[in-house]
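J.: Sequence first, predicted model second:
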Amino acid sequence: MSGDKEVTYALDFRAGRQIRRGSRIAACHELPPHGEADCSSIPRIARLMALAIRFEGLLREETIRDYAELARLGRVTRARITQIMKLLDLASDIQEQILFLPLIKGLNERTLRPLVSRIDWREQRRMFQKICKR
């Protein structure tokens with residue numbers, strides 16, 4: 001088997017932008033059951049966390065060579081890819097909470113940057129609790 005394979009991915013970094021009703025994903029066409037949120041209510045930080053996890057998998061599988069290739073495919077800067085990927089430096093339980101938390105005002109990638117710079121997970125947890133209590 002030859003090592004010369006070309007893989008093409010279509011990435012959409014417009015998660016925070018509004019989309020027209022007619023262009024929503026098929027699963028979003030139906031009205032949600034009573035009491036449940038619709039597809040557009042997933043917090044942006046949860047989407048970014050999931051994206052970082054997916055990118056990490058692509059890098060480990062060597063489907064994507066490096067951050068620069070991710071940036072080119074996503075039409076963003078390498079710095080932005082680095083910011084997103086730094087979310088993986090959070091404690092694993094914080095990552096899980098981010099994926100499943102409801103929308104919390106003020107919780108975004110920028111407010112998590114001070115946490116990401118901390119090595120001590122206990123300190124990260126304390127800081128995250130303060131952000132969530134605001």
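T.: Great, that's in hand. Numbers count the residues shown, from 1 in each chain.

J.: List the neighbours of the strand or helix carrying Arg125 that are in contact with it.
T.: In this structure, Arg125 is located in helix 121-133 according to DSSP states H and E. Under the criterion CB atoms under 8 Å, 6 or more residues apart in numbering, residues 90-91, 93-94, 97, 101, 104, 106-107, 111-112, 114-115, 118 lie in contact with helix 121-133. (Each C-beta comes from the backbone N, C-alpha and C, glycine too.)

J.: Mind doing that once more with 7 Å?
T.: The list of residues contacting helix 121-133 from outside it, by CB atoms under 7 Å, 6 or more residues apart in numbering, reads 90-91, 94, 104, 106-107, 111, 114-115, 118.

J.: Likewise for stretch 50-62?
T.: Contacts for stretch 50-62 (CB under 7 Å, 6+ apart): 64, 70, 84-85, 87-88, 99.

J.: Next step: the contacts of helix 121-133 restricted to helices.
T.: Per DSSP state H, helices hold the following members of the contacts of helix 121-133: 94, 111, 114-115.

J.: Now for Leu115, how many residues are close by?
T.: Applying other CB atoms under 10 Å, we find 22 residues neighbouring Leu115.
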